[in-house]
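Visitor: kindly return the folded structure for what I paste below:
(chains A and B)
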Amino acid sequence: MNFFTITCIITFITNLFIAILFLLKVKSKSIGKNFGWTSLASFTWAFGALFSSVSNSIETATFWLKIAHIGIILTPTFFIHFVITFTNSKAKFLRIFVYFLSTTYLLLNFFYPNFYEVKFVFNQFYFFQASFAENPIYTIYYVTFYWCTLLYAFFLLLKFFTKTTGKLRNQVKYFLIGMFVAWSGPEGMFLLVFGLPLYPVTNLLIAAYPLILAYAILKYRLMDINIALTRLGIFIFVYSFVLGLPFWVGIKFLGKGPWLIPTGICVALATAGPFVYLFLQRKAENALLQEDNRIQDLLNRASMGMRTVRNVPKLLEVIVDILSKSLRLENAVIYLHEPLNDEYVFKKSSNGQAINVNILKSDPLIQKLEETKYPIVLEELKLSAELKGKDENLSEIIRQMGELQASVIIPTVVENVLLGFIVLGKSKDARIYSMELINVLLIVGNNAALAIENAMFIEESEKNLAQRSHETRLKAIGAMGSGVAHQIRNRFNIMSGHTSAFIAMLKKIDLSNQPKEKLVELVEKAKKTMEKILENTMQGEKICVAINSYSKLTEEKEFAEFGSIIEMAVDLLRGRIDFDKLELVKDFPDNVKIYGVIPMIQDVFVNLIVNSRDAMQSKLNYIKRGEWSFPDYAPRITIKGTVNKDKLVVDFSDNGTGFKPEDEQNAFVPFYTTKGTGIKGKDGGTGLGLHLIWDFLKKNNGDLQLINKYQEGVTFRITLPLAKNERES
Amino acid sequence: MSNRTILLVEDDKDAVEFYEMFFENADFEIVGTCDNGEDAIKMILEKKPKIVLLDIGLKGELNGIDVLEQVKDVLDVCRVVVVSAYPEHEEKTRQLGACAFVRKPILAEPLLEAFENAIG
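Guide: Presented below is the predicted three-dimensional model:
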């Protein structure tokens, strides 16, 4: 035992500590592992040096120094690898080259006897030495490989340091200092190798750098380690005592000897022991808890799956599906409460078969579920029936479960109300329902209840939206009524006018003695009259179709040609808006079919047109009052449609006032209006708010975007799903 | 100049077509047609037709009632027959000096009768 041995022990311990820390605990895999390997190589050096320093013979010492050299050669190799990764440098070729060289030197270390010499130094221990004259290869190795690698690594680190800022810069700074201290260690010792009689105290520096790193890790969270460091710190501290003390006592009283080898191995293995133990323990636990994990997974999947489904029938399908698949059941069925008859009725089964068993709310099964709010397991029930003896309620529940083909019944409860229950049929692999599994199922049941309630709520509110849409349309029809009636009357006027003009003409002439030419002329006139009648009939019909479609209370999605929707909207508004006074530019492809609740979409455009008309009227008023100057202003609405993949993108633009910037933000707020209570009396603020328009579009899987320029106009960018895509899905 | 000259003020082209049929058959001379109030006023003042057939709903800023108000000075020369689908306009237009009010839908006989009466 000498001072060098002590430095080796310290270096051995600290490097092992750092190696384990980085190899096992650092989250950043490539950085952590690469640095861990560097420390492991340093540890190998210390390990070999430790045993060579206590060797009694030159042969033993040579063996241990060869081991130490594995560390000496691999430390710079792993270090440069680490630095390249850490600094994100691209030096793949260099890395390969360094690995190639280090492999060569490793071979030389073991198979070339003249690589270096081993001598007894300071009258204390065996150490390796080299000189250029006698060991030229070692000198070349040291200068070219060792120095070049290290210099380049530090060059990369410094370059990286100058580029980084903030937290990372601090991390790199401490890392640089740590590495500088660490590498001063071997450099100091190489002086002895090359003949300068300096005691290798710098070995301690290899042990000191972990302290710098530890400080940096704690203060600057270097490489995301914190708790791991504390734990390992305690571990190392305890182990240094537990293992170091007997070692020291051994050397003190027994002196150096062969006992050191098994003891050394013992120390190494004892150090590694806890980690191996922890590793194996985790593996074993994972294997044992596989079933639990699967259940956990089931729970997660169930909850995730349920939360995303908003359509009630679809949700029920998902619930029974998840349960039957996860538990490998022959069937899983869900029953829900039907308030009408106050009974629980079949809703969905995983095998697709309907079961016509309705359970009354007064049945013992329901009473038990309501009372306990806990899953009922048939086997347990049978067991307790046997134990308790005759119990009518119990046997009725067993009978009903048999009728339902249930092994387990899970209640779905929301706020103490039994919304329904889920029947689990026979398990394909004869599963035994453990306590844990039952608890998980209870949670799944309650999650299902929440999801069902949520989906029902959404369904209800969507229904409300449909109703609201209907109400607004009826109101709008009320407002349009006189306009629409006027249009229809105009048609009638034309028809009656033409007919009576023709009849009046006929009355004036005697048909029996007219020349042929005159008769032909009359027939021509008759034809023209009839054409007029037909044309006006069709126009009247179109208006009726538009009203009919517009006033329909429906939630049903249908296919409709986009152009016809616009046309209907315009037809409806014709009586109310003078389309001669505004230019309506229609620029969209023919025969583009969209899919949605057509009256709602129609309503969107009716209201956009009304809103635009109001905005353009306001602009005309501003111009008239001389507040705004737009020479040659002519109101114009442009409806431009383009097909984009599975959507129709409609840019509905007007050249009206646009929104004031402060109004733009509020444009989608319910009940917000920029129109006061009546610009020009009758039509002020009659269009629907944008929030409702947006709601209607959302309901139809569409979207609405506002592109606004105050005083210049607005564009509403509307996306609507195309029929093609919806049909496929 | 014939005393059977008429001016048609009607914004519906189809309606103008059958008016033409009516009046040609009844030997009236159509001296002009227009579909908006501004032109109507101008033409009434310029051409001084014996009878003006005036619709209430017109293109442009002015409606039939506006037109009546503006031409009241020449109403002793020009008789105005108002046509409208809305009976509520009758009283007002009569007050303003219209000599007849014919409800739409228009039939040949009542209209021609009104015209013949207007000429007197």
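Visitor: and the next element down the chain from the strand or helix carrying residue A:297?
Guide: Element membership for residue A:297, per DSSP states H and E: helix A:290-308. Toward the C-terminus, helix A:290-308 is succeeded by helix A:312-326 as the next helix or strand (DSSP H and E).
Visitor: any idea which helix or strand comes after that following helix?
Guide: strand A:332-338.
Visitor: re the thing from before, quick one, the helix holding residue A:297 and helix A:312-326 angle?
Guide: In terms of direction (axes from the mean of the first three to the mean of the last three C-alpha atoms, to 10 degrees), helix A:290-308 departs from helix A:312-326 by 170 degrees.
Visitor: what does helix A:290-308 rub up against?
Guide: With C-beta atoms under 8 Å, 6 or more residues apart in numbering or on different chains as the test, helix A:290-308 has contacts from A:286, A:315, A:318-319, A:322-323, A:326-327, A:436-437, A:440, A:443-444, A:447-448, A:451. C-betas here are computed from N, CA, C, even on glycine.
Visitor: what stretches of the stretch 51-200 of chain A score poorly on pLDDT?
Guide: Residue ranges of the stretch 51-200 of chain A with pLDDT under 70: A:167.
Visitor: now residue A:78: how far from chain B?
Guide: Between residue A:78 and chain B the computed distance is 90 Å (C-beta to the nearest C-beta, to the nearest Å).
Visitor: tell me who's in contact with the residue in the stretch 1-150 of chain A positioned nearest to chain B.
Guide: Going by C-beta to the nearest C-beta, chain B is nearest to residue A:88 of the stretch 1-150 of chain A, at 73.5 Å. Neighbouring residues of residue A:88 by C-beta under 8 Å, 6+ apart: residue A:160.
Visitor: one step back: report the buried members of the contacts of helix A:290-308.
Guide: A:315, A:318-319, A:322-323, A:326-327, A:437, A:440, A:444, A:447-448, A:451 (16 or more other C-beta atoms under 10 Å in any protein chain shown).
Visitor: next up, phi/psi of residue A:593, please.
Guide: With angles defined as degrees, to the nearest 10, residue A:593 sits at phi -100, psi 130.
Visitor: then residue A:390?
Guide: Residue A:390 adopts backbone torsions of phi -70, psi 120, taken as degrees, to the nearest 10.
Visitor: list the contacts of it.
Guide: Contacts for residue A:390 (C-beta under 8 Å, 6+ apart) come out as none.
Visitor: show the pLDDT at it.
Guide: pLDDT recorded at residue A:390 is 73.
Visitor: which SS state does the spatially most central residue of chain B fall under?
Guide: Centroid-nearest residue in chain B: residue B:53, 1.3 Å away (criterion: C-alpha atoms, centre = their mean). Under DSSP: H, G, I helix; E, B strand; the rest coil, residue B:53 falls in the strand class.
Visitor: again, but for residue A:705
Guide: Per three-state DSSP, residue A:705 ends up strand.
Visitor: got the contact list for the nearest residue to it once chain neighbours are set aside?
Guide: Leaving aside its chain neighbours, residue A:705 sits nearest to residue A:717 (4.1 Å; criterion: C-beta to C-beta, 6 or more residues apart in numbering or on different chains). By C-beta under 8 Å, 6+ apart, the contact set of residue A:717 is A:649, A:650, A:651, A:652, A:704, A:705, A:706, A:707.
Visitor: let's see it at 7 Å
Guide: The contact partners of residue A:717, by C-beta atoms under 7 Å, 6 or more residues apart in numbering or on different chains, come to A:649, A:651, A:705, A:707.
Visitor: can you say which of those residues are buried?
Guide: Buried among the contacts of residue A:717 by 16+ other C-beta under 10 Å: A:649, A:651.
Visitor: wait, which of the contacts of residue A:717 is closest to chain B?
Guide: Using C-beta to the nearest C-beta, those come closest to chain B at residue A:651, 29.2 Å.
Visitor: tell me where chain B has strands.
Guide: B:5-9, B:29-34, B:51-55, B:79-84, B:100-103 (DSSP state E).
Visitor: and those strands, which is most packed in?
Guide: strand B:51-55 (a mean of 27; mean count of other C-beta atoms under 10 Å in any protein chain shown).
Visitor: run me through the strand neighbours of it, direction for each.
Guide: strand B:5-9 (parallel), strand B:79-84 (parallel) (DSSP bridges).
Visitor: what about the residue nearest to residue A:458 when sequence neighbours are not counted, distance to chain B?
Guide: Leaving aside its sequence neighbours, residue A:458 sits nearest to residue A:310 (C-beta to C-beta, 6+ apart; 4.9 Å). Taking C-beta to the nearest C-beta as the measure, residue A:310 falls 50 Å from chain B.
Visitor: run a quick neighbour tally on the nearest residue to residue A:124 once chain neighbours are set aside.
Guide: Among residues not flanking residue A:124 along the chain, residue A:2 sits closest, at 4.3 Å (C-beta to C-beta, 6+ apart). Residue A:2 has 16 neighbouring residues, counting by other C-beta atoms under 10 Å in any protein chain shown.
Visitor: phi and psi next, for residue A:2.
Guide: According to degrees, to the nearest 10, residue A:2 has phi -140, psi -180.
Visitor: also residue A:132?
Guide: phi -60, psi -40.
Visitor: for residue A:149, find the nearest of the strands of chain B.
Guide: strand B:29-34 (99.9 Å; C-beta to C-beta).
Visitor: number of nearby residues for residue A:432?
Guide: Residue A:432 is surrounded by 8 other residues when neighbours are defined as other C-beta under 10 Å.
Visitor: tell me the secondary structure at it.
Guide: Residue A:432 is classified as coil under three-state DSSP.
Visitor: how close does it sit to residue A:273?
Guide: 38 Å (C-beta to C-beta, to the nearest Å).
Visitor: what's the answer for residue A:541, then?
Guide: Going from residue A:541 to residue A:273 by C-beta to C-beta gives 93 Å.
Visitor: much appreciated, bye for now.
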